[in-house]
Structures are given as structure tokens and as C-alpha cells.
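Chemist: Got a sequence here, can you build the structure:
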Amino acid sequence: MEPLAELIEDRGAAASDAEFFRSPQFLEAEGTTHSLRITLDGSTLTAPIVVRQIEGTGHIDAISPYGYPGLRYEGEAGPPMAPSVIDFSATGLVSAFLRHSLGGEVPLTGATARNLCLLSDPAAPRKSRPSDRRQIRRNLELGYEVDFVAGPETDPEARGGFFRAYTDTMVRTDAAERYFFSEEYFELILSSEKTWLALARDTEGTIAAASIAAVSDGLMHYYLSGTADSHLRDSPMKNVIEAMIEFAAGKGLPLNLGGGISPGDPLEEFKRGFANREEQWFTSELVCDPATYEELSPAEAPEGFFPAYRA
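Modeler: Have a look, this model is predicted:
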């Protein structure tokens with residue numbers, strides 16, 4: 001039987017309360033519209049996706065929500081499958097950009113290596129730079145404390161402090177518009193039982209730095225964080241990361257710190273100071289309707305940009 005793909009007008013078909021990146025709260029916050037289901041012999045693969053109109057045409061394409069949502073097996077997992085053998089004709093999609101889960105075998109062949117993710121794994125010796133350890137100790141001496149609040153138990157004061165620290169960081173780093181999330185976005189994802197808010201406070205109780213910790217697919221993820229401009233000099237985020245490593249280890253989980261914006265950039269180098277393991281992250285760029293894809297794509301699209309017609 002040829003693998004057959006279909007679009008399901010229900011994001012819940014790909015949802016899972018057990019994994020943050022497929023939780024109903026995360027999928028709603030990300031504006032997920034559909035599920036992509038691939039039917040195989042004796043099993044299915046399902047992924048949450050956002051279906052989009054291709055401007056100026058009557059066509060549609062799709063993209064995964066942010067993070068590591070992946071394709072979820074129902075039934076027995078098989079060997080990696082070539083996208084070229086899947087019949088996408090029933091979906092009506094021109095293309096689909098899929099973000100895979102981190103770790104484990106990618107279910108599709110030909111996947112593209114993207115970010116190298118940095119992890120702190122409790123199964124290996126801890127790692128930290130002497131300069132980071134000194135800064136963490138100094139902050140403790142100054143009275144900084146880090147505490148964890150379960151996502152659904154966070155109050156408006158905690159969420160507001162996190163939102164201000166996060167937004168300060170996005171403005172300070174001139175982040176892309178995609179990363180400026182609303183307070184409603186954070187309220188939604190923190191309603192997932194797979195989340196915690198890690199909060200670094202100074203002696204007056206002011207939130208100096210904060211991060212969301214989220215559990216998905218056997219990892220705890222350092223997911224969206226920020227430091228308030230007023231406390232930047234003390235680098236309290238180092239205390240947050242150190243506390244998150246211990247928090248994750250207490251649950252028997254590696255902490256995924258993610259990577260940088262580009263290989264070797266300052267963000268990646270900062271995270272390397274705490275990491276003792278690397279994990280390659282992959283995406284799949286699927287051309288579902290080759291003829292239409294070719295028709296829509298410009299003759300000189302930037303190399304590596306997908307889909308080419310959105311360059």
C-alpha cells in the first residue's frame with residue numbers, strides 16, 4: 001500500500017497531553033489549524049501544522065508550529081520513509097515544512113540538519129565554566145534566589161515579570177517580529193501541566209530573569225527566556241540555567257538548552273558553557289505538488305530557502 005497523506009481539519013488529531021510541543025495549549029497558542037496524517041500499513045504518522053494561503057494564488061502550503069512538534073506514530077513504528085513515496089495529492093498542499101522532535105530516529109529520510117542543540121545530561125559529568133560559577137556564587141551572595149512555579153499555578157505577577165524580562169531581551173537583541181509573543185500566548189502555554197516558570201528574584205522580590213521549562217519527548221526544554229534590562233549586569237540568567245539543570249536532573253531528564261541563531265554565535269557559546277552533550281535537530285522540506293511548486297517559484301530563488309516561492 002502506497003503511503004497516503006491527508007489533511008484533517010482538527011489540530012486535536014495530533015495533540016497529546018503528555019508532550020508539551022503537541023499539547024492542546026501549545027497548539028492553540030501557535031495558531032495550529034490542521035493535522036497532517038500519513039497512513040501506512042498498520043500505523044499512521046500525524047503532525048500538527050499551520051495551513052497558510054499562498055498570497056496571490058488559490059493554493060495553500062503548511063508549516064509546523066514552533067519548537068519540536070514532530071510526527072507522532074500511532075501503531076508500530078517503521079523504518080524511515082522516503083517522502084517521494086508518499087501520495088500528497090489529497091492534501092491540496094503545494095509544500096510543507098515539518099519540524100521534527102529532538103532526539104530519536106527521524107521518520108522521514110532526506111531530512112535537513114538544522115541547529116545543533118546543546119544539552120545538560122544528568123547521565124554525564126556536569127560542566128560549567130569557572131567564570132560562570134563565580135558569577136552564580138556572586139549572585140547568591142547578593143541575595144538572588146531562583147524558584148519554580150508549575151505553569152498552571154503561576155499568578156499574574158509572575159507571568160507579568162516574565163513577560164517584561166522576555167520582551168526586554170527581544171528588544172535588546174533586535175529579535176525578529178516572530179519572537180514578540182503576547183501575554184495571552186504565555187498565559188495559554190503556561191496552562192499546560194508540562195510547564196514550569198523558573199524565576200530569578202533579587203532581594204526586593206523583583207523578577208530579574210526568568211525562563212519557561214517544558215517537558216516534551218523525554219527532555220526538559222529551556223523554552224523562551226529573558227533578563228530584565230535593569231538586572232543585565234549581574235547575569236542572573238546563569239543562575240536560572242544552573243537551577244534548571246538541577247530541576248531537570250531531579251526528574252531524571254536532560255535539559256535541552258537549544259542552540260544559537262547561527263553556528264558559533266554568542267548565544268551558542270553562552271549555552272556551551274553549561275552543556276555536556278550535543279543533539280542534531282532536523283526538519284523536512286516536502287514538495288507535495290512538484291508542478292505547482294515549480295510554477296510558483298522564481299527562477300533565481302536564494303539557495304536553501306524553503307519554500308522558494310516565499311523567499
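Chemist: who touches Thr227 in this structure?
Modeler: Thr227 makes contacts with 165, 168-169, 208-209, 235-237, as judged by C-beta atoms under 8 Å, 6 or more residues apart in numbering. C-beta coordinates here come from the backbone N, C-alpha and C atoms, glycine included.
Chemist: switch the cut-off to 6 Å
Modeler: Residues in contact with Thr227 (C-beta atoms under 6 Å, 6 or more residues apart in numbering) are 165, 169, 209, 237.
Chemist: Leaving out chain neighbours, which residue sits closest to it?
Modeler: Of all residues not flanking Thr227 in the chain, Ala209 sits nearest, at 4.2 Å (C-beta to C-beta, 6 or more residues apart in numbering).
Chemist: What is the helix or strand harbouring the one you found packed up against?
Modeler: Assessed by DSSP states H and E, Ala209 sits inside strand 207-216. When contacts are defined as 3 or more C-beta pairs under 6 Å, 6 or more residues apart in numbering; DSSP states H and E, strand 207-216 sits against helix 156-172, strand 195-201, strand 219-227, helix 237-250.
Chemist: could you redo the last one with a cut-off of 10 Å?
Modeler: Strand 207-216 sits against strand 145-150, helix 156-172, helix 183-189, strand 195-201, strand 219-227, helix 237-250, strand 255-258, with contacts defined as 3 or more C-beta pairs under 10 Å, 6 or more residues apart in numbering; DSSP states H and E.
Chemist: Dihedrals phi and psi, the most centrally placed residue in the chain?
Modeler: What sits nearest the mean C-alpha location of the chain, by C-alpha atoms, centre = their mean, is Gly67, with 1.9 Å. Taking degrees, to the nearest 10, you get phi 90, psi -140 for the backbone angles of Gly67.
Chemist: same thing with Tyr66?
Modeler: phi -60, psi 160.
Chemist: Count the residues that sit near Val50.
Modeler: 18 (other C-beta atoms under 10 Å).
Chemist: Counting by contacts, list what the host helix or strand of it packs against.
Modeler: Using DSSP H and E, Val50 falls within strand 43-53. In this structure, strand 43-53 makes packing contacts with strand 4-8, helix 24-29, strand 34-39, strand 60-63, strand 72-75, strand 93-99, judged by 3+ C-beta pairs under 10 Å, 6+ apart.
Chemist: CA-only coordinates of the lowest-mean-pLDDT helix or strand in the chain in PDB, if you can.
Modeler: Every helix and strand in the chain was compared by mean pLDDT, DSSP states H and E; the lowest is strand 72-75, with a mean of 87. Coordinates of each C-alpha in strand 72-75 appear next as PDB, following Å, rounded to 0.1, in the frame of the first residue of the first chain:
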ATOM      1  CA  ARG A  72       3.800  11.100  16.100                       C
ATOM      2  CA  TYR A  73       3.400   7.300  15.400                       C
ATOM      3  CA  GLU A  74       0.100   5.600  16.100                       C
ATOM      4  CA  GLY A  75       0.800   1.900  15.900                       C
END
